[in-house]
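Participant: return a 3D structure for these sequence lines:
(one chain, ligands or ions: 1)
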Amino acid sequence: MSKPLTIADLKALARRRVPKMFFDYADSGAWTESTYRANEADFAGIKLRQRVLVDMTDRSLKSEMIGQKVAMPVALAPTGLTGMQHADGEMLAAKAAEEFGVPFTLSTMSICSIEDVASVTTKPFWFQLYVMKDRAFIESLIERAKKAGCSALVVTADLQILGQRHKDLRNGLSAPPKFTPKHIWQMATRPQWCLGMARTKRHGFGNIVGHATNVSDLSSLSAWTAEQFDPRLSWSDVAWIKERWKGKLIIKGILDEEDARAAADTGADALIVSNHGGRQLDGAPSSISMLPKIVEAVGDRIEVHLDGGIRSGQDVLKAVALGAKGTYIGRPFLYGLGAMGKEGVELALNIIAKEMDITMALCGKRDIRTVDRSVIAHCPY
Ligand code: FNR
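Facilitator: From the prediction side, this is the model:
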């Protein structure tokens, strides 16, 4: 294949280079995957206003998310098991994001640990927190994130219970990978991936080592999640976290106006309109279709961000036009990572930046910070 030009090209390449069980882990949603599909498809219904004969020199994508300067309003979303898409995946993606000038968010369920990522970066990254029943462990994670200099804590609110993803169950997903004949075959046909994995020592869940034992395969991980993750998590726990963290706080997984009001009431710095990339409640609406209502409800009280279904710079521009101050990409950077390692993450970011820049210019705007609803010709939401 010639050099990938689009996120879809990176996805096709990742499919060839990453063992099926891990590619499918990234490329899957819950149950029938209807929300996963809607996240992507619903961007297409939004039409942009074409403007002509407007001076389009000196364009800028620079913006701010929670008061931090960003090269464009796109952060890397927290994704679990990223180090299984490519050896040392979280460290490579964090470096790519840092060099590009956008935030990297490390998942609680990452392969590389908070300390691993801190050891290869020079600027602060963000840490995503899953809240578990063992509050002493949560406090220790918060302390580790503080010590590593993380500049924002992203609290995920939409995974008190794990959504069921059929592909993962059928594939027998595990980290480190299992060695059944099926899995050995999947790995043997991906020699580059195997070489990387043979060279690194990082194969398990870096942040929960020592706390969680015996959570390598998916059934034990689901059982561990059910046992550890706190199904009673409530808004008062956010106050508990805020008290301990004290820094910038983002609440991830808001898809409802009432929840958005509750998130704003906590005094958090931002909320992320998100359905976890269609991986939790299948049948929930797409993120982009809920964005305008949530901006309308709380946009004057809390910064509103969005993730889910962004596959191009055009999608980012549409989200910004509808009121998102920032966006996140999950799968697009995972495909880049699986396809070409760090270079692939850089390419994913560059592809999105270029598409956003061209789209912005053709809409008659030169500065992303001035993009608003006036660039929208038609929006069904
Ligand atoms: C995720 N997501 C996620 N979210 C989170 O808060 N903690 C996590 O550990 C994970 N893990 C994870 C793994 C994988 C493989 C994916 C694809 C997603 C959800 C993620 O942060 C984000 O909400 C979605 O990925 C956004 O949708 P797109 O960009 O992938 O369409």
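
Participant: burial of the closest residue to residue 80 other than its chain neighbours, as a residue count?
Facilitator: Nearest non-adjacent residue to residue 80, counting by C-beta to C-beta, 6 or more residues apart in numbering: residue 109, 3.4 Å away. The way it works is simple: take the backbone N, C-alpha and C, and place the C-beta from them, glycine included. Residue 109 has 21 neighbours, counted by other C-beta atoms under 10 Å.

Participant: the one 10 residues further on too?
Facilitator: Neighbour count for residue 119, taken as other C-beta under 10 Å: 11.

Participant: show me the shaky parts of the chain.
Facilitator: Along the chain, segments meeting pLDDT under 70 span 1, 174-177, 212-222.

Participant: quick check: residues of it near the ligand?
Facilitator: Residues of the chain lying close to the ligand (C-beta under 6 Å from any ligand atom) are 25-26, 39, 77-80, 107, 109, 128, 156, 252, 274, 276-277, 279, 307-310, 329-331.

Participant: so which of those sit within strands?
Facilitator: Among the residues of the chain next to the ligand, DSSP state E puts 128, 156, 252, 307, 329 in strands.

Participant: now do the helices in the stretch 151-300 of the chain.
Facilitator: Taking DSSP state H, counting those that start in this stretch as the test, the helices found in the stretch 151-300 of the chain are 166-171, 181-188, 191-199, 218-228, 235-245, 257-265, 287-298.

Participant: deepest-packed of these, please.
Facilitator: Of all these, helix 287-298 has the most neighbours on average by mean count of other C-beta atoms under 10 Å, namely a mean of 22.

Participant: which residues sit in contact with the closest residue to residue 320 other than its chain neighbours?
Facilitator: Nearest residue to residue 320, sequence neighbours excluded (C-beta to C-beta, 6+ apart): residue 371, at 5.0 Å. Residue 371 is in contact with 317, 320-321, 360, 363, 365, counting by C-beta atoms under 8 Å, 6 or more residues apart in numbering.

Participant: which one of those residues sits closest to residue 301?
Facilitator: Of all the contacts of residue 371, residue 301 sits closest to residue 320, with 18.9 Å by C-beta to C-beta.

Participant: touching, the closest one and residue 74? I think so.
Facilitator: No - Residue 320 sits out of contact with residue 74 when judged by C-beta atoms under 8 Å, with a separation of 9.7 Å.

Participant: list the contacts of residue 150.
Facilitator: Residue 150 neighbours (C-beta under 8 Å, 6+ apart): 106, 114, 124-127, 247.

Participant: now the strands for the chain?
Facilitator: With DSSP E as the criterion, the chain has strands spanning 47-48, 63-65, 68-70, 74-76, 105-106, 126-129, 152-156, 249-254, 270-273, 303-307, 326-329, 376-378.

Participant: can you put those strands in TSV and add mean neighbour count?
Facilitator: Converted to TSV, these look like this (neighbours: other C-beta atoms under 10 Å):
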stretch	mean neighbour count
strand 47-48	15
strand 63-65	20
strand 68-70	16
strand 74-76	30
strand 105-106	30
strand 126-129	24
strand 152-156	25
strand 249-254	25
strand 270-273	28
strand 303-307	26
strand 326-329	29
strand 376-378	13
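
Participant: redo those as CSV? Include distance to residue 54.
Facilitator: CSV is the format used below for these (distance: least, C-beta to C-beta, whole Å):
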stretch, distance to residue 54
strand 47-48, 14
strand 63-65, 20
strand 68-70, 25
strand 74-76, 24
strand 105-106, 35
strand 126-129, 36
strand 152-156, 36
strand 249-254, 35
strand 270-273, 30
strand 303-307, 27
strand 326-329, 24
strand 376-378, 16
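
Participant: got a list of what residue 10 touches?
Facilitator: Counting by C-beta under 8 Å, 6+ apart, residue 10 has contacts 4, 332, 335-336, 339-340, 344, 347-348, 351.
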